[in-house]
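Participant: output the structure for:
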Amino acid sequence: MPIKLPDAEALCQILADQLRPHVDLAHTALVGIHTGGAWVTERLHAMLGLHTALGVLNVSFHRDDYNQRGLHANTQTSHIPFETEGAHIIIVDDVLYTGRTIRAAMNELFDYGRPNKIELAVLADRGGRELPIAADFCAHTLNLPTAQMLELERAPDGTLSFRLTDK
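Facilitator: Residues are numbered from 1 along each chain as shown. All right, here's what the predicted structure looks like:
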């Protein structure tokens, strides 16, 4: 039986609604993980009407499985255009899986300073954690076989959608 994929656009609205009571429009900063998390961050930033700049993290070199998986660092660099020291930062990603990307994102973020508080917001949690990491805000939870990946795509018009691929 085929898996019904969640509507990524609807999940962005759900996530924005979850975040709204917990953000300070002038002080909470959103930081998206390149690429899917960055796309979601752009959407959430607009929906929430935040006054802070958005940040983007490239976690390629902080991955603990970089050499094992043969990952290639992309050319997108991290961009944090605000002071992280003492800040309230919400890391945003599209899909939470093993927790390794989030661990790498926190390591990259600490290269910029020591935030007062870091929270995690994701569109979808697909289970299968390898590290003790959980989302503070999650729009959808589903279980997928380890042989499948849930990937966020962005159409030329900016519309977000999920697709299921095999590893």
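Participant: tell me which residues in stretch 126-138 are buried?
Facilitator: Across stretch 126-138, burial judged by 16 or more other C-beta atoms under 10 Å covers Arg126, Ile133, Ala135, Phe137, Cys138. Every residue, glycine included, has its C-beta placed from N, CA and C.
Participant: what of stretch 76-95?
Facilitator: Ser78, Ile80, Thr84, Ala87, His88, Ile89, Ile90, Ile91, Val92, Asp93, Asp94, Val95.
Participant: the second one contacts Val31, correct?
Facilitator: Yes - in this structure Ile80 lies within contact range of Val31 using C-beta atoms under 8 Å: 6.8 Å.
Participant: need the overlap of contacts for the two.
Facilitator: Counting by C-beta atoms under 8 Å, 6 or more residues apart in numbering, the common neighbours of Ile80 and Val31 are Gly55, Val56, Leu57, Leu109.
Participant: could you dump those to CSV with secondary structure?
Facilitator: As requested, the shared contacts of Ile80 and Val31 are exported to CSV (DSSP: H, G, I helix; E, B strand; the rest coil):
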residue, secondary structure
Gly55, strand
Val56, strand
Leu57, strand
Leu109, helix
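Participant: what's the most distant pair in those?
Facilitator: Pairwise distances across the shared contacts of Ile80 and Val31 (C-beta to C-beta) peak at 11.2 Å, for the pair Val56 and Leu109.
Participant: who touches both of the two?
Facilitator: Counting by C-beta under 8 Å, 6+ apart, the contacts common to Val56 and Leu109 are Val31, Ile80.
Participant: pretty sure Lys4 sits in a strand.
Facilitator: No - per three-state DSSP, Lys4 lies outside any strand segment and is coil.
Participant: what's across from Ile89 in the sheet?
Facilitator: Ala29, Ile118 (DSSP bridges).
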